[in-house]
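# coords please:
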Amino acid sequence: QASRVTGVSSLGGPCSAPWCASTHTDRRVGAMANGVLRLGCLGDSWVSDWREGLDGSHHLTSPLSSALRSSLEARGWEVSLVAAGFPGGKASTVLELAELCDLQGISKLSETGRSIKGDLPSTLYEMGIYTPGRWRKWTEEVDLLIVILGANDLNHNVPGAEIVGCLRNIRRLYESRGTRVVMASIGGAGPGVPTEEYPEFEEQRRVANSMLQSDGLLIDSDQLTDRLGADVWVEDWHLTPAGYVTLAEYMVEALLPHFPSLGFLARQAPERPLQPNGCGARARLHVAGCHIPSWSSALVGWYALHGDFRGRPMYRQCDREGRGGSLVIFFCSEGQGSKWAGWCLGPEHRWECWARHEDTNALTPPQRGWRLPENGPVDETLVLSFELCSG
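Presented below is the predicted three-dimensional model:
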């Protein structure tokens with residue numbers, strides 16, 4: 001296996017954590033808007049991938065990105081997320097995309113599932129994605145960008161030094177637009193693949209990671225994935241949803257000590273949410289996570305008690321001032337059809353079920369185990385937590 005990335009901290013001492021920072025000091029970039037940390041994730045299938053639902057349909061999922069946001073929110077941060085991942089995507093192609101449009105546009109393209117192997121300007125034009133162009137500068141609405149790329153390049157026999165050249169240009173590009181960039185070192189296969197089977201892959205990976213070590217902020221992928229069990233790997237190159245959730249926890253643990261040097265103010269972790277007994281009038285709940293990027297911004301947030309439905313409490317989406325939104329969490333009895341029996345989350349005016357939990361015995365919405373979409377797999381990143389409000 002390739003040697004782990006090591007480096008020096010910003011203070012000049014040895015870096016013992018799976019995070020390495022160069023000794024040079026970058027200018028201050030990125031400013032949190034209204035106290036919200038605007039998080040971006042850009043990369044390959046480890047950022048966004050397609051999963052098959054129970055009905056055979058495929059859905060774009062971003063379990064690692066969503067779990068990163070959920071982990072930060074659990075520690076007291078308010079986070080918005082933009083995720084853009086391309087299965088099989090190479091650093092050189094993602095660099096070309098980044099030169100053409102902003103991260104929001106790249107995310108929109110990612111959600112369509114369109115290939116990025118052809119003429120990118122034509123693809124973006126067909127999708128109606130605005131492209132300012134390579135020579136026009138603009139500011140990204142992202143404070144912190146995590147980049148996970150390089151493994152697919154190695155699988156196409158691209159030399160490690162060439163990959164690093166593309167990754168360096170991605171870093172420079174986004175930092176010129178006011179975004180802090182954190183690279184993840186290029187990861188390898190899971191524990192079921194002997195590294196001696198891919199000697200050239202491992203050698204070039206070692207070369208690339210050694211070069212990345214001196215370039216700035218770096219997360220040591222090997223050190224983090226080495227902490228995962230063999231049971232969370234899928235087909236040797238990917239993780240289960242639960243594996244991505246665990247990896248996100250490790251990444252946040254590595255990131256947080258360095259947030260002050262990035263210009264992000266430390267936050268107090270919230271008190272542990274309290275599970276209400278019954279459905280007291282003061283109870284509200286918070287929805288975090290959601291592995292489908294296009295749904296995440298709609299689902300995530302606070303939900304306040306909004307009466308009863310079928311003998312169970314119903315919660316309605318609300319903003320900070322308590323104004324109601326369009327989504328509700330409600331219970332469907334078996335008398336309404338076994339297809340819908342359990343807890344549902346969806347639009348109030350159509351009584352649709354976007355996410356569903358099959359526990360018909362739970363008196364309040366379950367915290368974990370929701371299928372999203374309702375006929376899809378369990379979303380390990382979707383978490384509901386209760387809080388008792390004052391007053």
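# list the contacts of residue 365.
Applying Cβ atoms under 8 Å, 6 or more residues apart in numbering, we find residue 365 in contact with 285, 315, 329, 343, 357, 384. Glycine gets a C-beta too; all of them are placed from N, C-alpha and C.
# pull the contacting residues for the fifth one.
Taking Cβ under 8 Å, 6+ apart as the criterion, residue 357 is in contact with 342, 343, 344, 365, 366, 369, 370, 371.
# filter those down to the buried ones.
Among these, those classed as buried by 16 or more other Cβ atoms under 10 Å are 342, 343, 344, 365, 369, 370, 371.
# wait, the last one sits on residue 356?
To tie it back to what came earlier, the one meant is residue 371. Yes. Assessed by Cβ atoms under 8 Å, residue 371 is found in contact with residue 356 at 5.1 Å.
# quick one: the helices in this protein?
With DSSP state H as the definition, the chain shows helices at residue ranges 63-74, 91-100, 103-112, 120-126, 151-155, 160-176, 199-212, 221-225, 241-255, 259-262, 293-299.
# could you identify which of these is most buried?
helix 63-74 (a mean of 26; mean count of other Cβ atoms under 10 Å).
# show me what residue 383 bridges to in the sheet.
residue 288 (DSSP bridges).
# likewise for residue 312?
With DSSP bridges applied, the residues forming beta bridges to residue 312 are residue 309.
# give me the number of residues near it?
Other residues within reach of residue 312 by the criterion other Cβ atoms under 10 Å amount to 18.
# which residues touch the most centrally placed residue in the chain?
Nearest to the geometric centre of the chain sits residue 65, at 0.7 Å (Cα atoms, centre = their mean). Residues in contact with residue 65 (Cβ under 8 Å, 6+ apart) are 39, 41, 47, 48, 81, 83, 85, 293.
# I'd say the fourth one and residue 61 touch.
It refers to residue 48. Yes. With contact defined as Cβ under 8 Å, residue 48 reaches residue 61; the gap is 6.9 Å.
# now the buried ones among the contacts of residue 357 as CSV including distance to residue 252 and pLDDT?
CSV is the format used below for these (distance: Cβ to Cβ, whole Å; pLDDT from 0 to 100):
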residue, distance to residue 252, pLDDT
342, 31, 91
343, 28, 92
344, 30, 92
365, 25, 91
369, 22, 92
370, 22, 93
371, 26, 91
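# which of these fall within strands?
Using DSSP state E, the subset of the buried ones among the contacts of residue 357 located in strands is 342, 343, 344.
# mind putting those into TSV with distance to residue 238?
TSV is the format used below for these (distance: Cβ to Cβ, whole Å):
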residue	distance to residue 238
342	29
343	29
344	30
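# could you list the low-confidence segments of this protein?
For the chain, residues meeting the criterion pLDDT under 70 lie at 1-34, 51-59, 133-135, 266-283, 320-324, 334-339, 349-351, 387-391.
# nearest residue to residue 111 in space, please, no chain neighbours.
In space, and not counting its chain neighbours, residue 111 is closest to residue 294: 5.1 Å by Cβ to Cβ, 6 or more residues apart in numbering.
# tally of neighbours for the closest residue in space to residue 142 that isn't next to it in sequence?
Sequence neighbours aside, residue 40 is the residue nearest to residue 142 in space, at 4.0 Å (criterion: Cβ to Cβ, 6+ apart). Applying other Cβ under 10 Å, we find 28 other residues in the vicinity of residue 40.
# same thing with the one 4 residues further on?
Residue 44 sits with 21 neighbouring residues when counted by other Cβ under 10 Å.
# which residue is the nearest non-sequential neighbour of it?
Ranked by Cβ to Cβ, 6+ apart and with sequence neighbours excluded, the top spatial neighbour of residue 44 is residue 89, at 4.7 Å.
# tell me how many other residues surround the one you found.
Burial measure for residue 89: 25 neighbouring residues, criterion other Cβ under 10 Å.
# and it, what is it in contact with?
Per Cβ under 8 Å, 6+ apart, neighbours of residue 89: 43, 44, 45, 116, 149, 152.
# pick the one among those residues closest to residue 380.
When those are ranked by distance to residue 380 (Cβ to Cβ), residue 45 comes first, at 16.7 Å.
# what distance do you get for the nearest residue to the closest one once chain neighbours are set aside to residue 178?
Closest residue to residue 45 in three dimensions, ignoring its sequence neighbours and counting by Cβ to Cβ, 6+ apart: residue 87, at 3.9 Å. Distance of residue 87 to residue 178, given as Cβ to Cβ, to the nearest Å: 29 Å.
# how close does residue 310 sit to residue 372?
The gap separating residue 310 from residue 372 is 21 Å, by Cβ to Cβ.
# more neighbours, those two?
For residue 310 versus residue 372, neighbours defined as other Cβ under 10 Å are more numerous around residue 372 (26 against 11).
# neighbours around residue 358, how many?
The tally of other residues near residue 358 (other Cβ under 10 Å) stands at 15.
# now do it against residue 333, distance only.
Taking Cβ to Cβ as the measure, residue 358 falls 13 Å from residue 333.
# now for those two: what residues contact both?
Where contact means Cβ under 8 Å, 6+ apart, the residues bridging residue 358 and residue 333 through contact with each are residue 341.
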